[in-house]
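below: sequence and its predicted model.
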Amino acid sequence: MLDEIISRDSSLFLRFLIGRARHSLFMARQKELAPCDISPPQANVVFILYSIGHKATLAELSRYTDRGVSALSVQLARMEKDGLVKKSRENRRSTLLKFELTEKGLKAYSETKEMKAYDEVMSVLTMEERQQLISSLQKIINKSDKYRTMES
């Protein structure tokens, strides 16, 4: 019934499908990560820290994750408590905090870097279909970002 109602408006139907796809991919990744005792958002931060040299500021991580500083701060505090990251200052007088991977964080990276769930799910698309999807999603993201930053 809902699909029938939503399918009458292609923009609404696309939003619905994008939301379902995002949630479904998240759940698949969560299932894959369960044995490692790490969440998909935590695995993403570990991946980013590893990729940019094991050390980053909160602002840098916020930019790469496209999440707000306050939400990311809470997540990093939890990750520090779990022993995945540690925070430090560049020098004693600096207020600038940097977050870096611990040994446990590096181990988590090596255990989670292969994204078999995503690869398996995306295998239903040909390389050409993937490129078309990438192009379409980039257009949607760019337009959405422009809309967000437009003055009312």
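Arrived safely. Residues are numbered from 1 along each chain as shown.

in this structure, which residue is closest to the centre?
In the chain, the residue lying closest to the centroid (CA atoms, centre = their mean) is residue 44, at 5.1 Å.

show me which positions of the helix or strand hosting residue 30 end up buried.
Using DSSP states H and E, residue 30 falls within helix 10-33. Residues of helix 10-33 classed as buried: 16, 25, 28-29, 32-33 (neighbour count, 16 or more other CB atoms under 10 Å). Bear in mind the C-beta positions are built from the backbone N, C-alpha and C, glycine included.

same check on stretch 76-84?
In stretch 76-84, the ones that count as buried by 16+ other CB under 10 Å are 76, 79, 84.

can you tell me which of those residues end up in helices?
Using DSSP state H, 76, 79 are the members of these that sit in helices.

tell me the helices in this protein, going along the chain?
Applying DSSP H to the chain gives helices spanning 2-7, 10-33, 40-51, 58-65, 69-81, 103-112, 116-122, 127-149.

just to revisit the earlier point, how big is the angle separating the helix holding residue 30 from helix 127-149?
Inter-element angle recorded for helix 10-33 and helix 127-149: 110 degrees (by axes from the mean of the first three to the mean of the last three CA atoms, to 10 degrees).

now do helix 10-33: distance to the chain's middle.
Chain-centre distance of helix 10-33: 13 Å, with CA atoms, centre = their mean, to the nearest Å.

using PDB, write out every CA atom in that helix.
Extracted in PDB, the C-alpha atoms of helix 10-33 (Å, rounded to 0.1, in the frame of the first residue of the first chain):
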ATOM      1  CA  SER A  10       9.000   9.700  -8.400                       C
ATOM      2  CA  SER A  11      10.900  12.100  -6.100                       C
ATOM      3  CA  LEU A  12       9.200  10.800  -3.000                       C
ATOM      4  CA  PHE A  13       9.700   7.200  -4.200                       C
ATOM      5  CA  LEU A  14      13.400   7.900  -4.800                       C
ATOM      6  CA  ARG A  15      13.800   9.400  -1.300                       C
ATOM      7  CA  PHE A  16      12.100   6.300   0.100                       C
ATOM      8  CA  LEU A  17      14.300   3.900  -1.800                       C
ATOM      9  CA  ILE A  18      17.500   5.800  -0.900                       C
ATOM     10  CA  GLY A  19      16.500   5.700   2.700                       C
ATOM     11  CA  ARG A  20      15.800   1.900   2.500                       C
ATOM     12  CA  ALA A  21      19.100   1.200   0.700                       C
ATOM     13  CA  ARG A  22      21.100   3.200   3.200                       C
ATOM     14  CA  HIS A  23      19.500   1.400   6.100                       C
ATOM     15  CA  SER A  24      19.800  -2.000   4.500                       C
ATOM     16  CA  LEU A  25      23.600  -1.400   3.800                       C
ATOM     17  CA  PHE A  26      24.100  -0.100   7.300                       C
ATOM     18  CA  MET A  27      22.500  -3.300   8.700                       C
ATOM     19  CA  ALA A  28      24.600  -5.500   6.500                       C
ATOM     20  CA  ARG A  29      27.800  -3.800   7.600                       C
ATOM     21  CA  GLN A  30      26.600  -4.000  11.200                       C
ATOM     22  CA  LYS A  31      26.200  -7.700  10.900                       C
ATOM     23  CA  GLU A  32      29.600  -8.100   9.300                       C
ATOM     24  CA  LEU A  33      31.200  -6.000  12.100                       C
END
